[in-house]
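In: Sharing a model that was predicted from the sequence below.
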Amino acid sequence: MTIEENLLHAWNGDLDLLELVGVADKLETSNLRPLAAVLYHTWLQRNQSPSAFLIHFNLGVILSNENDLTGAEAAYHQAIKLSPTFLQPRLNLGSLYERAGEIDKAIAEWRLIEQNSWGYQNTSPENKQLVLLTINNLARVMESHRQFFDSLSFLTKSLFIEPNQSDVLHHWVHLRQKQCIWPIYVPIPGVSLELMMQSPSIFAMLNITDDPAVQLEAARRYVERKVVSNAPSLANPKGYKHTKLRIAYLSSDFSLHAVSMLTAELFELHDREHFEVYGYCWSSEDGSSLRQRVVSAMDHFVRIPQMSDEAAAQLIREHEIDILIDLQGQTSGARANLLAYRPAPIQITYLGLPATTALPSIDYVIADRFLIPEEIAPFYSEKPLYMPDVYQVSDSKRPVAQIPSRESCDLPIDSFVFCASNNNYKYTPEMFDVWMNILRRTPGSVLWLLSYNQWAEVNLCREAEARGIDRARLIFAPMVLPESYRARFACADLYLDTFPFNAGATANEVLWMSVPVLTCTGRSFASRMAGALLTAAKLDELITYNFKDYEEKAVWLANNPEECRRLHEHLKEEREHGVLFDTPRFVRNLENCFKELVAKL
């Protein structure tokens, strides 16, 4: 029958439920969703059926797909009114509210499902999957809004329902890391220790081991599960012979983020006589001056948040980009499938993920010879692109607020102040043991930490007391804007780095403020970042290779404060005249590498 005939049958009440759904499905698959919506509307107006709630739900799905959020909301509410125990419209209604930015309403809908469906064991498999999806949605939203405790609780409940969820386990592990809940791995019924240890993302793995072979396997598992393997290659492998090389940076972190804090001046200093600079962005519009600076530094700034990976890759190909630099890797917001289409003949990873990506579409990783020694290079899927001085770019124009007094930071005036303001997920019980040993051996000293979240703060204080250290010797600084964050470092005597996940951008900030950084170095990228910066700053004496030497060096420096002052003066000199913060030199070196790569095509 034609659509006109089907509409007439719906009007006359001659189209039964199964026929109605079948016709609507055909219209949808023929990309005629608006006509399917008209058919459903007509049927609902002219027919009485105890199953009408299903048609209201189907109508809501169509309207949602057509971006008619108001109409979809009304349809879902009608489905719920007609069948209050029908759970699916509540799930979809929550997703609708999330799309509209009404997070509290989304959570309320999902909580109704979660609170009334704990008897999933006695329901259908479909209902069990719906409950799982609901709980995982709640966990995801809670984590994105920094409600880590609630998020972890929901994920734990999800794993009790269905233990074999690798994606859930990977978030579960990282949430425990963020809150310093030790040990990280604890038994969950039905979850094997092997699955638990294999589930963390490569990013979460950086704080578990410094073994580059283990990290490579974690990255490969992600690629196998998440990245398309048969995408057509779009770029011309021979390049485009442009007079000006077209280089592009790809990121969701063109905002108030550590990546942009490091790279803003890099974008500004590219030689426009020889390079044309593109930025492809799906960052949020955070309104920050840093974002505006990044946008202004690009010759072409292209927003791609609404584009599919394939469409965005095609756009990059149409722009004939010679070199595409991905600033994301396998971190939150990554678009690895975009890179899988190989929109540029040369593709490079930089800064976003301090590890191998294992992405077949990535050719090079920007590094230096300390960061990735040649004997470790076989554990990277990318070929190291060695910079002559240091892998990390800096921003010499970064703003710094007025240096605060120690009193205003709640620090003791005359005590030795150890600082360790890395992200909480970088803390490990083994590293914390060393820090507490250092405090025990340096009476009167304090450890100055950053208060990333309240749960980590409580747990760290409890862990300190369990090791015989008064929690009052742990001082937590509140989160502040970057310029104030930098200025506060000047109140510290010595920065204590984490292991196996070193400070990266934070180490750069600390050294910029002429505060010495004591690091412990391992074999992985993440465990060698601070050492690479210290090598460039000619401070090999602050690089240790085991916890014993790290502890002894920290105690010695605390007992010899004049040495910290000497290191401070050395860093002031390096800031003015050394290679670590010489951004123009870094940019010219990088551009020379880019020219050589294109010449080889």
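Out: Thanks, I have it. Computed from a predicted model, the values in this text were never measured in an experiment.

In: list the contacts for Leu93?
Out: Leu93 makes contact with Gly60, Glu73, Tyr76, His77, Ile80, Glu109 under the criterion Cβ atoms under 8 Å, 6 or more residues apart in numbering. C-beta: built from backbone N, CA, C; applies to glycine.

In: in terms of contact, does Pro584 touch Leu269 like I think?
Out: Yes - contact criterion Cβ atoms under 8 Å: Pro584 and Leu269 qualify, at 5.9 Å.

In: more crowded one of those two?
Out: Looking at Pro584 and Leu269 with other Cβ atoms under 10 Å, you find the greater number of neighbours at Leu269, namely 18 against 10.

In: Look at the more buried one and report its pLDDT.
Out: Residue-level confidence at Leu269 comes out at 98, pLDDT.

In: How about Asn116?
Out: Among the per-residue scores, Asn116 shows a pLDDT of 77.

In: Quick one: neighbours of it, just the number.
Out: 13.

In: Please shift the residue numbers so they start at 53 in all later answers.
Out: Yep, numbering from 53; the last one is Asn168 now.

In: Can you get me a residue count around Asp378?
Out: By other Cβ under 10 Å, the burial measure for Asp378, its neighbour count, is 27.

In: residues in contact with it?
Out: With contact taken as Cβ under 8 Å, 6+ apart, Asp378 is in contact with Leu302, Ser303, Leu391, Gln399, Ile400, Thr401, Tyr402, Gly404, Ile414.

In: can you do 6 Å?
Out: Asp378 makes contact with Leu302, Thr401, according to Cβ atoms under 6 Å, 6 or more residues apart in numbering.

In: Ok, the one 5 residues further on next?
Out: Thr383 makes contact with Phe255, Gly404, Leu405 under the criterion Cβ under 6 Å, 6+ apart.

In: Any chance of JSON lines for the contacts of Leu145, columns distance to Gln97?
Out: Conversion of these to JSON lines gives the following (distance: Cβ to Cβ, whole Å):
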{"residue": "Gly112", "distance to Gln97": "16"}
{"residue": "Glu125", "distance to Gln97": "19"}
{"residue": "Tyr128", "distance to Gln97": "18"}
{"residue": "His129", "distance to Gln97": "17"}
{"residue": "Ile132", "distance to Gln97": "19"}
{"residue": "Glu161", "distance to Gln97": "27"}
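
In: List buried members of those residues by neighbour count.
Out: Under a neighbour-count criterion of 16 or more other Cβ atoms under 10 Å, the subset of those counted as buried comprises Gly112, Glu125, Tyr128, Ile132, Glu161.

In: can you tell me which of those residues are in helices?
Out: Counting by DSSP state H, the buried ones among the contacts of Leu145 place Gly112, Glu125, Tyr128, Ile132, Glu161 in helices.

In: The residues you listed: which two are farthest apart?
Out: Farthest-apart pair in those is Gly112 and Glu161; separation 12.9 Å (Cβ to Cβ).

In: Run through the strands of the stretch 253-402 of the chain in chain order.
Out: 297-303, 327-333, 352-355, 375-378, 398-401 (DSSP state E, counting those that start in this stretch).

In: Out of those, flag the one nearest Ala271.
Out: Distance to Ala271, taken as Cβ to Cβ, is lowest for strand 398-401 among the strands of the stretch 253-402 of the chain, at 11.0 Å.

In: quick one: buried residues of that closest one?
Out: Per 16+ other Cβ under 10 Å, strand 398-401 contains these buried residues: Ile398, Gln399, Ile400, Thr401.

In: Over to stretch 314-332?
Out: Along stretch 314-332, the positions that meet the burial threshold by neighbour count (16+ other Cβ under 10 Å) are 314-322, 327-332.

In: contact partners of it?
Out: Outside stretch 314-332, the residues within contact range by Cβ under 6 Å, 6+ apart are 296-302, 345-346, 349-354, 356, 445, 447, 449, 557, 635-636, 639.

In: Now the buried members of these.
Out: Counted by 16+ other Cβ under 10 Å, the contacts of stretch 314-332 give 297-302, 345-346, 349-350, 353-354, 356, 445, 447, 557, 635, 639 as buried.

In: could you pull out the strands for the chain?
Out: Assigned strands in the chain, in chain order: 297-303, 327-333, 352-355, 375-378, 398-401, 416-419, 435-438, 469-472, 498-502, 526-529, 546-548, 569-572, 595-596 (criterion: DSSP state E).

In: Among those, which comes closest to Cys645?
Out: Evaluated with Cβ to Cβ, the strands of the chain place strand 435-438 nearest to Cys645, the distance being 5.7 Å.

In: what does that closest one contact?
Out: Applying Cβ under 6 Å, 6+ apart, the set of residues contacting strand 435-438 from outside is Tyr416, Val417, Ile418, Ala419, Arg421, Ile424, Ala429, Cys645.

In: so Thr408 touches Val266, yeah?
Out: No - the pair formed by Thr408 and Val266 falls short of the contact definition of Cβ atoms under 6 Å, at 11.2 Å.

In: Which one of those two is surrounded by more residues?
Out: Neighbour tally, Thr408 and Val266, criterion other Cβ under 10 Å: the higher count belongs to Thr408, 26 against 17.
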